[in-house]
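Trainee: Sharing a model prediction with you, sequence too.
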Amino acid sequence: MAEDGAAAGTAVQLIDGEGGFATDSAERFMATAGVAECGLSYAVVSIMGPQSSGKSTLLNQLFGTNFREMDAFRGRSQTTKGIWIAHCVGVEPCTVVLDLEGTDGRERGEDDTAFEKQSALFALAISDIVLINMWCHDIGREQAANKPLLKTVFQVMMRLFSPRKTTLLFVIRDKTRTPLEHLEPVLREDIQKIWNSVPKPEAHKDTPLSEFFNVEVTALPSFEEKEEQFREQVQQLRQRFANSIAPGGLAGDRRGVVPASGFLFSSQQIWKIIRENKDLDLPAHKVMVATVRCDEIANEKFGCLASDAEWLELENAVQSGSVQGFGKKLGYIVDVHMQEYDKEAVYFDEAVRKAKRQVLESRILNLVQPAFHKVLSYLRSKALEKLKSDLNLSLESGKGFAASVRESTESSLNEFDQGCADAVIKQADWDYSKMLEKVRRDIEEHAFSICERKLSELTSRAKEKLRKALVEPVESLFDAASQTTWESIRNLYKRETEVILPEFLNTLSGFEMESAVSEGMVLKLRDYARSIVENKAKEEANKVLMHMKERFTTVFSHDKDSMPRVWTGKEDVRAIAKDARSAALKLMSMLAVIRWDDKPDRIENILISTLLDSPVESKSSSASSGDPLASTTWEEVPAKHTLITPAQCKSLWKQFKSETEFTITQAVTAQQAHRRANGGMPPLWAMVAIAILGFNEIMALLRNPMYLFLLFVGYLVAKALAVQLDIGREFQNGMVPGIISVSAKLLPSMQNLLRKVASDQQQQQQQQGQHQQQHGQQQHRPQAAEAPEPQPPLLLSPNSSMRELRRVHMPPSPVRRSLSSPSHSSSSSPLGSPRRVSEDQKPRRAVEPESDSSSAYSIV
């Protein structure tokens, strides 16, 4: 059972209450727990402190051991006697824990304190980490904080053993509201004082405490009152013992560590040396009694004040708001309880009594100070609310912003200062200057936020005015772009800013700002106005191609009176197109850069000379001469003011020319169409010239009519060939392609024309012969079917037109068939099939008009 218990964290007694070393049980523990096989990878932790202070409970919760704990329901008495040892559960590396008998126990009495000293010295000698368990309210006490015991232990340890760095972990139990950062400096200061007061050998006379001990401090809440919180923080503390022997860990100093196999023998020899030492003594009995009794009286009076009805009523009143005369009421309550302490502790040691009175007063002030801070917080919020209301009323009355802030701030701070003076108590030197600074900061922040909001509103209004005053007029000026556009924009900008910005600057006078700040705000508004114009210019520059085409269309398609231009053939299309392109080019030069000054530039001249006036040059000449548009910047123009670079201008001009070429072509086509429409008769002077110069030819034609007939026949043949070749369609693609196509089709078309004439003549003769035969045989074979008419094949050239192909392959016209065989319908049998009857009864289509080629053929 003992072996299983040791492995599971069961405690085993190492030294009994009489000081005897339990060698047998210790050896069994070492074997069962497996400590001897750990080599140097183990740590020893011990705990010391007052009796019934929860040492065993802390170890059990921290390391999973089962040291015997005190049963509070049976009274407070000694639970642990001697020194007990156990193996930690779930902690790496292997950790051994020592639970020491509590100090200041009534079972041993005042005279028998040698064992307490010896056990404490033993723990410091063999342990890597020593937990010193102490109550939070004992910090600053002489006995309860183990100060005399630590002092004696320091002296003896240096005299008996070589220096070894041990970690002293002070565990503050039942932590109160006082923050740990306020408790730890006091405790460290006490430890340093003990170390400084200890006589040291010459070898260690100037050795600091840090060479022997690493002092650590932690705090835990009450186990009985806050058990869940206690367990959580204990688990956090447990994490610090994991890998404790690593460098920087709690047991990081491994100098002089005895191997685990010799730990038991080493501990036995150390205990033997300690038992033989007779020089260890504790403080006198009277001091100890005074310490304990004054502490009890102080605790009693503190409890009385904490449950005092007047204090509780005052505390509740503070929670709901400020209390008039808070400082006087609270000072009276504190004074009553402090006087009661003085009456009961008057016969105890004066030094102890005064020390405990200071502790009590400090605890009381810590208890009531939150209420004081609550009052200050209420006064702080009240002062801020007063500032807000006074400031709003002052601004609504029309007073300047800066003057309103000054008056409201002064009034609010005076009220806060009076409230703080009323809340201070005479027993405490509470300083509310920090809270006053917070109030000042709150007032300044609120005033600053109001100032920022007001300035933002004023700036927004000014920006809105500038935007309304500039956006639409600038857009209108860009729409009607001309040579004076930028001059008009500059005048508009100057006029509007000279009206709006002085008005804005006048409104800033009530803020009493520095001139540099106000001028900076005006400068920002001026830049904002410039940005409006520049952004609008960028928008228009992005649409420059559209504007150029609109300007070109306006100039090209309208005359000087803005009337739509009618192309009668008298207009000079080339000159008009050049003027229109020049207007578009000037528009592009106007939008190329932003012009905020009157300084002239050569952008328009460069564009006109390069894109409009320059003749087409050869590649060699263009390569030899530099291209002024082969750049990304304009000369003497900042890059930030460039809207369209020279290279972009060149690209836009090419695109513009390609997209406006069709408009020029339409104008030329309209002129040609107008000339054709009005070119039926030659001019009068031409007719007179023809009559005079061709008089002889005219008389020759009149004397010989055969010439007229030949001319007429030639005209008909030419007309037939023109229709056959479809001259208009052939010349739609250009003059040269039309001539080539017509020359290729001319000879085949003449052949087809002659064949057509011959076939038509032959067909007419055959139709006449068939008509005579049918008329002679009509009496013998009245119902004979009409023989199909043979049609000689027509030879067409591959270059023949589609009109000729349709004419050849279309069936004969019903009208022509009826004219060629009038007796066919009459000779058919009246008893024909229903299908033929139905076909005859169908309405016939309208006679299609013959094409121009057919009429030409018939004329030939």
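Mentor: Looks like it came in fine. Residues are numbered from 1 along each chain as shown.
Trainee: Please report the distance of Asp479 from Val555.
Mentor: Per C-beta to C-beta, to the nearest Å, Asp479 is found 15 Å from Val555. Using the backbone N, CA and C atoms, a C-beta is placed for each residue, glycine as well.
Trainee: Kindly report the same for Trp685.
Mentor: On the measure of C-beta to C-beta, Trp685 and Val555 end up 35 Å apart.
Trainee: Mind checking which of the two has more residues around it?
Mentor: Val555 (19 against 8; other C-beta atoms under 10 Å).
Trainee: which helices and strands does the strand or helix carrying that one pack with?
Mentor: Using DSSP states H and E, Val555 falls within helix 544-557. When contacts are defined as 3 or more C-beta pairs under 8 Å, 6 or more residues apart in numbering; DSSP states H and E, helix 544-557 packs onto helix 573-592, helix 646-677.
Trainee: per-residue confidence averaged over that helix?
Mentor: Here helix 544-557 scores 89 as its mean pLDDT.
Trainee: That helix vs helix 573-592, what angle?
Mentor: 150 degrees (axes from the mean of the first three to the mean of the last three C-alpha atoms, to 10 degrees).
Trainee: Pull out the buried residues from helix 544-557.
Mentor: 544-545, 547-549, 551-552, 555-557 (16 or more other C-beta atoms under 10 Å).
Trainee: Quickly check these for the two that are furthest apart.
Mentor: Val544 and Ser557 (19.9 Å; C-beta to C-beta).
Trainee: How far off centre is the helix holding Val555?
Mentor: 44 Å (C-alpha atoms, centre = their mean, to the nearest Å).
Trainee: go on, stretch 257-273?
Mentor: Taking mean C-alpha positions (C-alpha atoms, centre = their mean), stretch 257-273 and its chain are 66 Å apart.
Trainee: which non-adjacent residue is nearest Ile727?
Mentor: Spatial nearest neighbour of Ile727, chain neighbours left out: Val742 (6.7 Å); criterion: C-beta to C-beta, 6 or more residues apart in numbering.
Trainee: where's the one you found relative to Arg231, distance?
Mentor: Taking C-beta to C-beta, one finds Val742 at 112 Å from Arg231.
Trainee: Give the residue from these two that has the larger number of neighbours.
Mentor: More crowded of Val742 and Arg231, by other C-beta under 10 Å: Val742, with 18 against 13.
Trainee: what about that one, is that helix, strand or coil?
Mentor: Going by DSSP: H, G, I helix; E, B strand; the rest coil, the secondary structure assigned to Val742 is helix.
Trainee: buried residues in stretch 405-418?
Mentor: 405, 408-409, 412-413, 416.
Trainee: Closest one of the residues you listed to Val439?
Mentor: Ranked by distance to Val439 (C-beta to C-beta), the buried residues of stretch 405-418 are led by Phe416 at 5.4 Å.
Trainee: element containing the closest one, please.
Mentor: helix 401-423.
Trainee: again with Glu498
Mentor: helix 485-507.
Trainee: ok, now Leu98?
Mentor: strand 94-100.
Trainee: Quick check: which helices or strands does the helix or strand that that strand is followed by pack against?
Mentor: As assigned by DSSP H and E, the chain's next helix or strand after strand 94-100 is helix 114-126. Judged by 3+ C-beta pairs under 8 Å, 6+ apart, the packing partners of helix 114-126 are strand 42-48, strand 83-87, strand 94-100, helix 147-160, helix 263-275.
Trainee: what's the closest of those to Gln762?
Mentor: strand 94-100 (133.2 Å).
Trainee: Give the other helices and strands that that closest one contacts.
Mentor: In terms of contacts (3+ C-beta pairs under 8 Å, 6+ apart), strand 94-100 is packed against strand 42-48, helix 55-63, strand 83-87, helix 114-126.
Trainee: what would those look like in JSON lines with distance to Val637, mean pLDDT and mean neighbour count?
Mentor: Output for those, formatted as JSON lines (distance: least, C-beta to C-beta, whole Å; pLDDT from 0 to 100; neighbours: other C-beta atoms under 10 Å):
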{"stretch": "strand 42-48", "distance to Val637": "80", "mean pLDDT": "91", "mean neighbour count": "26"}
{"stretch": "helix 55-63", "distance to Val637": "80", "mean pLDDT": "90", "mean neighbour count": "23"}
{"stretch": "strand 83-87", "distance to Val637": "88", "mean pLDDT": "92", "mean neighbour count": "26"}
{"stretch": "helix 114-126", "distance to Val637": "87", "mean pLDDT": "80", "mean neighbour count": "22"}
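Trainee: what's the closest of those to Ala351?
Mentor: Distance to Ala351, taken as C-beta to C-beta, is lowest for helix 114-126 among the helices and strands packed on strand 94-100, at 23.1 Å.
Trainee: Contacts made by the helix or strand just after the closest one with the rest, please.
Mentor: Sequence-wise, the next helix or strand downstream of helix 114-126 (DSSP H and E) is strand 129-135. Identification of contacts with strand 129-135 by C-beta atoms under 8 Å, 6 or more residues apart in numbering yields 43-50, 53-55, 58, 123-124, 144-146, 150, 166-174, 241, 244, 250-251.
Trainee: Ok, stretch 521-528 next?
Mentor: By C-beta under 8 Å, 6+ apart, stretch 521-528 touches 455, 459, 462-463, 466, 497, 500-501, 504-505, 508.
Trainee: Name the member of those with the most neighbours.
Mentor: Neighbour max across the contacts of stretch 521-528 (other C-beta under 10 Å) = Leu466, 24 neighbours.
Trainee: Contact partners for that residue?
Mentor: Per C-beta under 8 Å, 6+ apart, neighbours of Leu466: 496-497, 500, 525, 528-529, 532.
Trainee: how about a cut-off of 7 Å?
Mentor: 496, 500, 525, 528-529, 532 (C-beta atoms under 7 Å, 6 or more residues apart in numbering).
Trainee: among the helices and strands packed on helix 114-126, which is nearest Glu344?
Mentor: Using C-beta to C-beta, those put helix 147-160 closest to Glu344, at 24.5 Å.
Trainee: Setting aside sequence neighbours, what's the nearest residue to Ile603?
Mentor: Once flanking residues are discounted, Ile603 sits nearest to Ser589: 4.8 Å by C-beta to C-beta, 6+ apart.
Trainee: Could you report the pLDDT at that neighbour?
Mentor: 87.
Trainee: Which one of the helices and strands packed on helix 114-126 lies nearest to Pro646?
Mentor: strand 42-48 (82.4 Å).
Trainee: what's the angle between the closest one and helix 114-126?
Mentor: Using the same axes, to 10 degrees, strand 42-48 lies at 150 degrees relative to helix 114-126.
Trainee: Remind me what strand 42-48 packs against, helices and strands.
Mentor: On a contact count with 3 or more C-beta pairs under 7 Å, 6 or more residues apart in numbering; DSSP states H and E, strand 42-48 meets helix 55-63, strand 94-100, helix 114-126, strand 129-135.
Trainee: In CSV: the ones you listed, plus distance to Leu305.
Mentor: Shown next, in CSV, are the helices and strands packed on strand 42-48 (distance: least, C-beta to C-beta, whole Å):
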stretch, distance to Leu305
helix 55-63, 30
strand 94-100, 36
helix 114-126, 34
strand 129-135, 19
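Trainee: between these, which gets nearest to Glu519?
Mentor: strand 129-135 (67.0 Å).
Trainee: Now do the SS call for the residue nearest the centre of the chain.
Mentor: Per C-alpha atoms, centre = their mean, the C-alpha nearest to the average position across the chain is that of Ser456, at 24.5 Å. Of the three states, Ser456 takes helix under three-state DSSP.
Trainee: again with Leu14
Mentor: strand.
Trainee: and Leu585, what does it touch?
Mentor: With C-beta under 7 Å, 6+ apart, Leu585 has these contacts: 607-608, 611-612.
Trainee: so the residue nearest to Ile603 sits right up against Asp601, yeah?
Mentor: No: taking contacts as C-beta atoms under 7 Å, Ser589 lies outside contact range of Asp601: 8.8 Å.
Trainee: In terms of neighbours, single out the busier of the two.
Mentor: Between Ser589 and Asp601, Ser589 has the larger neighbour count (other C-beta under 10 Å), namely 20 against 15.
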